[in-house]
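Asks: got a sequence here, can you model it:
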Amino acid sequence: MKRARPPLSPQDVHRGEALLTTTEVAGLLRVHPKHIYRLLRRGLPGHRVGGEWRFFSEEVLRWSGAPPAPRRPGRRADPVPRTEVLRSDPAPLVAANGDLVVEYLLSRLTATGLLLFGHVQADRSEGLELLKQGKVLAAGCHGNEIPGELANQRLAFIHLVDRQVGLAVRRGLRVRSLRTLGRLRLASRPRTAGVRVRFDHELRRLGVDPDAAHAGAVVLPSHREVVCAVARGEADVGLASLAWSGRVGLDCMPLCREPYGLLVRASLLGDPRVVRLCEVAQDSVFRREVGTTPGYDARLTGTISYLSPTKSPS
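Replies: Reported below is the predicted structural model:
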């Protein structure tokens, strides 16, 4: 059952950075809650978070023409801007493996000029650990086992793309089977990387020893570095996404298709920074850019779920 958020005090409702529910906005404007949806059609500024609406009180008051609530005598103005958060909150950082869709997302966020996000290079396991420790706001996650909770905290999954991953192949080279990897120079990813786990599983299915296949491999921290190593001729094949392979003009031998997105704590879905992440992911410009990138399927881009697309790990 979804836990209801404690109602804000009358003073907090009028704070410019306060993020309000539909009921709180109705109280602020002194209208029936159902009337808020009519006002949205007339231009009331709101922000979609999953299946719910959230509102910044300063935007609502500015739109309605109502003056902000007067400050109580002796109370100083709050010097903290809306985009700044308490130190106990995670930093506006996204821990991910540098997938191309993450670069698109961060670029769109920067272009808005409203909020600044940073990128922490991390594979799936590292990103989840940083999210668990509260050091990042979001962590990249992919595959068929996307956790629904972490350290007893419910998680929400912001779906970005269904992506195709495989082996980026050096120009002029033809690879007929993964069984021939022993004769090729391989650029791979760390054991903790989700794509490496999928790759090793496929090798075992074909009767190939993953340790033997990686015996002479160079292990690199990101898809970008893998495809660059192949493009420079330092490796014959490399474990990467089709999107990154195409970015540097390489062919890609398909391995699997998997969902890719960002995990955030469900309790932070009302955080202004998470709201902005969701808005950009649902933006038509972003969806169009993602949808025209080879190797990406954007049909579910921007959707939010609380469970794995297939199952949750035990």
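Asks: please make it C-alpha for all contacts and neighbour counts, starting now.
Replies: Fine.
Asks: next one: phi and psi at the residue nearest the centre of the chain?
Replies: Centroid-nearest residue in the chain: L262, 2.8 Å away (criterion: CA atoms, centre = their mean). The phi/psi pair for L262 (degrees, to the nearest 10) reads phi -120, psi 140.
Asks: one more: L167?
Replies: Dihedral angles (degrees, to the nearest 10) for L167: phi -110, psi 120.
Asks: now do V219
Replies: Dihedral angles of V219 (phi, psi; degrees, to the nearest 10) stand at phi -100, psi 120.
Asks: beta partners for it?
Replies: Applying DSSP bridges to V219 gives these bridge partners: S188.
Asks: so it is in contact with T192, correct?
Replies: No. The pair V219 / T192 is not scored as a contact, 11.4 Å apart, by CA atoms under 8 Å.
Asks: which of those two has more neighbours?
Replies: The neighbour comparison of V219 against T192 (other CA atoms under 10 Å) goes to V219, with 17 against 13.
Asks: and the pLDDT for that one?
Replies: With respect to pLDDT, V219 scores 95.
Asks: got it, and D209?
Replies: Confidence for D209, expressed as pLDDT, is 93.
Asks: that one: neighbour count?
Replies: 14.
Asks: what's near enough to touch it?
Replies: By CA atoms under 8 Å, 6 or more residues apart in numbering, the contact list for D209 reads L203.
Asks: is K132 in contact with E149, as I believe?
Replies: No. Taking contacts as CA under 8 Å, K132 lies outside contact range of E149: 9.8 Å.
Asks: mind listing the shared neighbours of the two?
Replies: Common neighbours of K132 and E149, using CA under 8 Å, 6+ apart, do not exist here.
Asks: host element of the residue nearest to the residue nearest to the centre of the chain when sequence neighbours are not counted?
Replies: Closest residue to L262 apart from its sequence neighbours, by CA to CA, 6 or more residues apart in numbering: G140 at 4.5 Å. Assigned by DSSP states H and E, G140 belongs to strand 138-142.
Asks: mind giving me the packing neighbours of that strand?
Replies: The contact analysis (3 or more CA pairs under 8 Å, 6 or more residues apart in numbering; DSSP states H and E) places strand 138-142 against strand 93-96, helix 124-132, strand 251-265.
Asks: let's go with 6 Å and repeat that
Replies: Counting contacts by 3 or more CA pairs under 6 Å, 6 or more residues apart in numbering; DSSP states H and E, strand 138-142 is packed against strand 93-96, strand 251-265.
Asks: contacting residues around whichever helix or strand comes after the last one?
Replies: Think strand 251-265. Counting by DSSP H and E, the next helix or strand C-terminal to strand 251-265 is helix 272-281. With CA atoms under 6 Å, 6 or more residues apart in numbering as the test, helix 272-281 has contacts from G302.
Asks: correct me, but the residue nearest to the centre of the chain touches I158?
Replies: Yes. Counting by CA atoms under 6 Å, L262 does reach I158; the two are 5.1 Å apart.
Asks: now for those two: what residues contact both?
Replies: Common neighbours of L262 and I158 (CA under 6 Å, 6+ apart) do not exist.
Asks: what about the residue nearest to T301 when sequence neighbours are not counted, distance to V102?
Replies: Excluding the flanking residues, the one nearest T301 by CA to CA, 6+ apart is L160, at 4.6 Å. Going from L160 to V102 by CA to CA, to the nearest Å gives 8 Å.
Asks: more neighbours, those two?
Replies: Neighbours per residue (other CA under 10 Å) separate L160 from V102, with L160 holding more: 30 against 20.
Asks: thought G140 was touching Y260?
Replies: No. Using CA under 6 Å, G140 is not in contact with Y260, being 7.3 Å away.
Asks: neighbour count winner among these two?
Replies: Comparing G140 with Y260 by other CA under 10 Å, the one with more neighbours is G140, at 28 against 25.
Asks: so who does the more buried one touch?
Replies: Counting by CA under 6 Å, 6+ apart, G140 touches A96, G261, L262.
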